[in-house]
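Novice: Compute the structure for the input listed below.
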Amino acid sequence: MTIMRKVLAINGSYRDDGMTDQTVTALARAIETAGAEVEIILLREYPVEFCLNCRACTQHPGAAPAECVLHDGMQNLIDKIERADCYIFAAPTNFGSVTAVFKRFMERLVVYAYWPWDMNGPQYRKAQAPKKKALLVSSCAAPGILGRWFFGTDKQLKMTAKTIGAEVVGTLITGMIAKEPHPKLTENMRPKLKTLAEKLL
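Specialist: Numbering: from 1, shown residues only. Model prediction:
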C-alpha cells in the first residue's frame, strides 16, 4: 500500500490571487498531479500573534518543538509542520524582505530552538533529525535576479527551512517589472513548477 506524502505550503502573501498565490496554487496542482497531498496555509487568514520574545519556550530541552505561552493558532500550525513530509515556504518581497505576516510566523518558530539563559546562543532542536525537503517561493516586482542578490527574502525563507530542520531542494523567484496591478503567471513557468514538484517528491 502506497502512503500519500503530505506537503504543507505556508504562504505569506497579502493579496488574494497575487503572483505568490498563483505560483503556490500552480505548484500545489503539479505536486497533486504527481500523487501527493497538499495543504495551503494562508498566513493572512491565520490567527498567529506576535512573539513576546520571552524565551520561555527555549528553556525546555529536547528535539521536539516546545510549547509557546501564547494560546493562538500557532500550536496547530506547529502540529501541521511536524506531521508534514515536505514543505513550501512562500512570501513576496515587501521593502526588501518577507512580508510582516511571514516574519511574524518566522519569529514564532523560536519554539524550535533550545536556548537556556546560561548559553550564549541557540541550538536548533532539529539539527540532528533526518532532513525533510522544502521548496522556497518568492516574488518581486524587480527582475528575479535582483530579488535574489539585493533583497533578504530568499535568505529569510532559507532560515525558516533551517529552523524546522528542512533541506532546501529548490527555489523559485518570479520577478518582473510591475507594469500592471494584477499580473498573471506566465505559461513558461509551468515546466519549472513541474521540475520543482519532482525535486520535492
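Novice: check which helix or strand covers the residue nearest to the spatial centre of the chain.
Specialist: With distances taken as CA atoms, centre = their mean, the residue of the chain nearest its centroid is Phe89 (2.2 Å). Using DSSP states H and E, Phe89 sits in strand 86-92.
Novice: who does the helix or strand just after that strand touch, helix- and strand-wise?
Specialist: Sequence-wise, the next helix or strand downstream of strand 86-92 (DSSP H and E) is helix 100-108. When contacts are defined as 3 or more CB pairs under 8 Å, 6 or more residues apart in numbering; DSSP states H and E, helix 100-108 sits against helix 74-83, helix 153-163. C-beta here means a position set from N, CA and C on the backbone, and glycine is covered the same way.
Novice: Any idea which of those helices gets closest to Val24?
Specialist: Nearest to Val24 among the helices and strands packed on helix 100-108 is helix 153-163 (12.6 Å), distances taken as CB to CB.
Novice: Put together JSON lines for the helices and strands packed on helix 100-108, with distance to Arg55 and mean pLDDT on each row.
Specialist: Rendered in JSON lines, the data for the helices and strands packed on helix 100-108 read as follows (distance: least, CB to CB, whole Å; pLDDT from 0 to 100):
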{"stretch": "helix 74-83", "distance to Arg55": "16", "mean pLDDT": "98"}
{"stretch": "helix 153-163", "distance to Arg55": "15", "mean pLDDT": "96"}
